[in-house]
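In: Build me a structure from this.
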Amino acid sequence: MLSDAKIRSAKPRERAYRLSDSQGLCILVQPSGGKLFQVRYRHEGKERTYSIGAYPTISLAEARGERDAVRRKLAHRVDPVESRRQDRQEQQLDKSFEAVARAWFAVWSVGKSERHAGYVMRRLEADVFPALGTTSVDAVTAPQMLGLLKRIDSRGAHDIAKRAHQMCGQIFRFAIAHGLAARNPSADFRPSDVVPTLAKQNFARIDGKELPALLQAMEIYSGTPVTRIALHLMSLTFVRTTELIEATWDEIDLEARRWDIPAARMKMGDPHIVPLSTQACLQLRLLHAITGKGKFLFPGDRNAERPMSNNTILKALERMGFKGRMTGHGFRGLASTLLHEQGFDHQHIELQLAHQQRNRVAAAYNHAKYLAQRTAMMQAWADFLDVTLKGRPHARRVAATRSARLHPTGSTQVRAS
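Out: Numbering: from 1, shown residues only. Predicted coordinates for the structure are as follows:
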């Protein structure tokens, strides 16, 4: 049996040797003078050694307690060495980058729109987790982060690489705050050190002079009726492309002449009202006869349970001869420019574009604000598109006159036309 006195008096030799206690417990005396508690046992016919720790950091009483725990596992036919290895793997997994990232996401995503949060998680799953997911969050290095960004950037996804750097930085800060990591390796370099800075490009769009040609091309477009209606509704409502193609019929109220887009589908995470002009209602009634029995206004060609591809409108514009000159998003910029030229109130236009400015002291967002004025503006816009399509040279003057009647300068009231 070992004792503290016997252990302290054990002198190092040229080769390591053991002093035995009982039931497999022993202490290994190393040539360096270090003394290590071990338990020696047999499992499934093989001799194995379970290391406990160094003396005197681990006392003799503690070593005997650990030995007893080893014997209990053996009594249940569990290999103590293998069991400890699995426990350590599980502990390591809890600190894996993916586990920590998902814990961060559960906190970060609160209050974010479902669409935006879903995009962030998809980017993590597609680009980040395959590279860093199984690595302990406190073991990730700056060169690993650098390699991740280079791989993303190599396929031309410059913006996604920069966003990956930003997301990882937030995850590391979350890990540091929770005591899971000591530092943030993404802070050791900037995305510009890896990813080239490209000049910002706005969405392509035509100018007002080309609008008659575009509307005429849309009118005679030889593609499917559903795509042609999508183009018309894009011009009439100037919503974002995803807001249009992911629209569901339960959002549309033709009797009330309004389209209510839920917060989960909006970029800013707030519900949005689109007043429907007479022309927009006509297009929706035509569309309902085609797709009204399904969920989506614009179902996919191959799978009606999913919406139309976001490239459908872009490809249609290309086939009409507007490649590189017009996009679905371009209708928004075009409408904004022309409505401002026609004298409509800037705030009404911005609200209808869902460009509501945010700051910490801003009042709660009111998605129905100036709804009467916005309704009149949307009808005036649809009328303007009609006269523009017919190619009347005084189209703008007609629209401007109607605008002045519906929206007198300096007034917040809307008079009946």
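In: the domain parsing of this protein - what is it?
Out: Domains of the chain are assigned by automatic domain parsing as 4-85, 97-193, 208-406.
In: quick one, what contacts residue 313?
Out: The contact partners of residue 313, taken as C-beta atoms under 8 Å, 6 or more residues apart in numbering, are 227, 230, 231, 234, 241, 244, 245, 327, 328. The way it works is simple: take the backbone N, C-alpha and C, and place the C-beta from them, glycine included.
In: Three-state assignment for it, please.
Out: Following DSSP: H, G, I helix; E, B strand; the rest coil, residue 313 is assigned to helix.
In: What residue, apart from its backbone neighbours, is nearest the residue nearest the centre of the chain spatially?
Out: Centroid-nearest residue in the chain: residue 120, 1.8 Å away (criterion: C-alpha atoms, centre = their mean). Once flanking residues are discounted, residue 120 sits nearest to residue 167: 6.5 Å by C-beta to C-beta, 6 or more residues apart in numbering.
In: And the one you found, how close does it get to residue 137?
Out: 13 Å (C-beta to C-beta, to the nearest Å).
In: now stretch 309-327: how far from the chain's centre is it?
Out: Averaging C-alpha positions (C-alpha atoms, centre = their mean, to the nearest Å) puts stretch 309-327 26 Å from its chain's average.
In: before we move on, what about stretch 9-27?
Out: Worked out by C-alpha atoms, centre = their mean, stretch 9-27 lies 58 Å from the chain centre.
In: Then stretch 28-43?
Out: 52 Å.
In: quick one on the thing from earlier: quick one: residues contacting the residue nearest to the centre of the chain.
Out: The contact partners of residue 120, by C-beta under 8 Å, 6+ apart, come to 105, 108, 109, 112, 167.
In: Now it: which helix or strand?
Out: Here residue 120 sits within helix 114-123, counting by DSSP states H and E.
In: Going by contacts, tell me the helices and strands next to the next helix or strand after that helix.
Out: Following helix 114-123 in sequence order, the next helix or strand is helix 129-132 (DSSP H and E). Packed against helix 129-132 by the contact rule (3 or more C-beta pairs under 8 Å, 6 or more residues apart in numbering; DSSP states H and E) you find helix 97-108, helix 142-154.
In: Nearest to residue 179 among those helices would be which one?
Out: helix 97-108 (11.2 Å; C-beta to C-beta).
In: May I see the buried residues of that closest one?
Out: 97, 98, 99, 100, 101, 102, 103, 104, 105, 108 (16 or more other C-beta atoms under 10 Å).
In: For this protein, just list every one of the strands.
Out: 17-20, 25-29, 35-43, 46-55, 252-253, 258-261, 272-275 (DSSP state E).
In: what would those strands look like in TSV with distance to residue 352, mean neighbour count and mean pLDDT?
Out: TSV is the format used below for the strands of the chain (distance: least, C-beta to C-beta, whole Å; neighbours: other C-beta atoms under 10 Å; pLDDT from 0 to 100):
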stretch	distance to residue 352	mean neighbour count	mean pLDDT
strand 17-20	83	13	95
strand 25-29	78	21	95
strand 35-43	74	19	94
strand 46-55	70	15	92
strand 252-253	17	16	95
strand 258-261	12	20	94
strand 272-275	8	22	94
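In: would you list those in TSV and tack on distance to residue 145?
Out: As requested, those are arranged in TSV below (distance: least, C-beta to C-beta, whole Å):
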stretch	distance to residue 145
strand 17-20	46
strand 25-29	41
strand 35-43	38
strand 46-55	35
strand 252-253	46
strand 258-261	37
strand 272-275	37
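In: Select, out of the ones you listed, the one closest to residue 173.
Out: strand 272-275 (32.3 Å).
In: on contacts alone, who are the packing partners of the closest one?
Out: strand 258-261, helix 371-389.
In: export the ones you listed to TSV and tack on distance to residue 348?
Out: Converted to TSV, the helices and strands packed on strand 272-275 look like this (distance: least, C-beta to C-beta, whole Å):
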stretch	distance to residue 348
strand 258-261	16
helix 371-389	5
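In: Ok, which of these comes nearest residue 341?
Out: helix 371-389 (10.6 Å).
In: Against which helices or strands is that closest one packed?
Out: helix 211-219, helix 225-237, strand 272-275, helix 278-291, helix 330-341, helix 346-352, helix 395-406.
In: can I get these in a markdown table with distance to residue 256?
Out: Converted to a markdown table, these look like this (distance: least, C-beta to C-beta, whole Å):
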| stretch | distance to residue 256 |
| --- | --- |
| helix 211-219 | 27 |
| helix 225-237 | 15 |
| strand 272-275 | 9 |
| helix 278-291 | 10 |
| helix 330-341 | 22 |
| helix 346-352 | 17 |
| helix 395-406 | 19 |
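In: Of all those, which one comes closest to residue 254?
Out: Closest to residue 254 of these, according to C-beta to C-beta: helix 278-291, at 5.6 Å.
In: gap between the closest one and the chain center?
Out: Chain-centre distance of helix 278-291: 33 Å, with C-alpha atoms, centre = their mean.
In: Which other helices and strands does that helix contact?
Out: helix 225-237, helix 371-389.
In: With only the CA atoms kept, save it in CSV.
Out: Provided in CSV are the C-alpha atoms of helix 278-291 (Å, rounded to 0.1, in the frame of the first residue of the first chain):
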residue,chain,number,x,y,z
THR,A,278,-57.4,49.4,-61.1
GLN,A,279,-54.9,48.2,-63.5
ALA,A,280,-53.1,46.0,-60.9
CYS,A,281,-56.4,44.5,-59.9
LEU,A,282,-57.1,43.6,-63.5
GLN,A,283,-53.8,41.9,-63.9
LEU,A,284,-54.4,40.0,-60.6
ARG,A,285,-57.8,38.8,-61.8
LEU,A,286,-56.3,37.5,-65.0
LEU,A,287,-53.6,35.8,-63.0
HIS,A,288,-56.1,34.2,-60.6
ALA,A,289,-57.7,32.4,-63.5
ILE,A,290,-54.4,30.8,-64.2
THR,A,291,-52.8,30.2,-60.8
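In: Could you check the angle it makes with helix 371-389?
Out: Counting by axes from the mean of the first three to the mean of the last three C-alpha atoms, to 10 degrees, helix 278-291 lies at 80 degrees to helix 371-389.
In: can you give me the mean pLDDT across helix 278-291?
Out: In this model, helix 278-291 has a mean pLDDT of 95.
In: and that helix, which residues are buried?
Out: The neighbour-count check on helix 278-291 (16+ other C-beta under 10 Å) flags 279, 280, 281, 282, 283, 284, 287, 291 as buried.
In: just to revisit the earlier point, specify which member of the contacts of residue 313 is nearest to residue 255.
Out: residue 244 (21.0 Å).
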